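Visitor: following is a predicted model, sequence given first.
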Amino acid sequence: MKVGKKRLAAAAIVAAIAVVTYAFSFNHKIARFFSHELVISIAGDIMLDRGVAGQISQNGALYPFENVIGVFTEDDITIANLECPLTAAEVQMTKEIVFKADPKSVDTLKSAGFDALMLANNHAMDYLPVGLADTMTALDSAGLYYAGAGDPGEIKPCFIRRNGIRVGIISYSLFPPDTINELSGPDIAYVREGHLDDMQSEVASAAAQCDFLIVYYHWGIEYRHDVSDIQIEIAHAAVDSGASAVIGTHPHVLQGRETYKGAPVYYSIGNFVFDNQIPDGTDETVILQFTVGKNGLLDVRELPVVINNCQPQFPDAQKAAEIITNLERYSQRFD
């Protein structure tokens, strides 16, 4: 009888080991949880107005994300830049191009797997401080994190803890608002050329509070693949101050990447959900995936993406190789 019990116990242990092995093999999230690692996916600019709004009206709210949602639901943290306020406000800035989207879009963003949206960009204030306030309220209501916006003097990083690792995110724009300097209310975070001390202090403070710090910038010259000297100066200053990685958007196209003092710097990862793919290169982007452990960056993956009818999609092998080749070419300056 005792032998039988021992065999049953042994069989139970073997079965338990088999279950754990299966979980580790086929459920990467569980494996990362126990190994104290996480995967962060980072995408470019998301704009939900104009032609994108038309596609959503015809094809449903999740249409822009249908082909990439699998990646975002399998990672641990998903980040992108939100290139439009979520507001019903009518009064807007007096400039040629303004964007906005329904505040209910937060439900779609959450369903698509996003965890944090960057708000420091040149369209966040298109509907004035009230539009930005509505955006923050909408994100808060959905339980989504954001960075790069808040009441003046109180704009703070966001911190997300997963698998025992604390990730910090800071968002800055190089572009000041056009006509709202005298209006009260929330604002976005700016980085100013020639005055980097405040930014460096904020980056250093955030780095001291987390295990891995991403600094996400809105900068650069539209439709240009070459990186400006000020972008390099700011990126290097951020890494010197403690940033673990630097990401940029705004040019609508890919720009070069480099590794500076061990930190990956992607000067522009381009559009992600956008409606204007007419100029060359505006339909090419990458989703970055950082695998992070308690002691820092373990791996970087670049997932090539094409944008077709406002919808990011994974291309065939030939196009994917072409996108990576282009990225290498834009990066030659840093070889």
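Guide: Yep, it's here.

Visitor: when you work out contacts or count neighbours from here on, use the C-alpha atoms and nothing else.
Guide: Will do.

Visitor: after the worst-scoring helix or strand of the chain on mean pLDDT comes which helix or strand?
Guide: Here the helix or strand of the chain ranked lowest by mean pLDDT, DSSP states H and E is helix 2-26, holding a mean of 48. Moving toward the C-terminus from helix 2-26, the next helix or strand (DSSP states H and E) is helix 28-35.

Visitor: the helix or strand following that following helix - contacts with which helices or strands?
Guide: Per DSSP H and E, the first helix or strand lying C-terminal to helix 28-35 is strand 37-46. Helices and strands touching strand 37-46, by 3 or more C-alpha pairs under 8 Å, 6 or more residues apart in numbering; DSSP states H and E, are strand 77-82, strand 271-273, strand 284-293.

Visitor: tilt between the helix or strand that strand 37-46 is followed by and strand 37-46?
Guide: Next in sequence after strand 37-46, counting helices and strands by DSSP H and E, comes helix 50-59. Going by axes from the mean of the first three to the mean of the last three C-alpha atoms, to 10 degrees, helix 50-59 is angled at 110 degrees with respect to strand 37-46.

Visitor: next helix or strand past helix 50-59?
Guide: On the C-terminal side of helix 50-59, the nearest following helix or strand under DSSP H and E is helix 69-74.

Visitor: all strands of the stretch 201-335 of the chain, in order?
Guide: Along the stretch 201-335 of the chain, the segments classed as strands by DSSP state E, counting those that start in this stretch run 212-218, 245-249, 257-260, 263-266, 271-273, 284-293, 296-308, 311-313.

Visitor: given the second one, what are its sheet partners and their directions?
Guide: For strand 245-249, sheet partners with direction are given as strand 212-218 (parallel), strand 263-266 (parallel), following DSSP bridges.

Visitor: can you pull the buried residues of the first one?
Guide: Within strand 212-218, the residues that count as buried by 16 or more other C-alpha atoms under 10 Å are 212-218.

Visitor: as TSV, those residues with pLDDT and distance to Arg257 would be great.
Guide: Putting these into TSV (pLDDT from 0 to 100; distance: C-alpha to C-alpha, whole Å) gives the following:
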residue	pLDDT	distance to Arg257
Phe212	98	19
Leu213	98	18
Ile214	99	15
Val215	99	15
Tyr216	98	14
Tyr217	98	14
His218	98	15
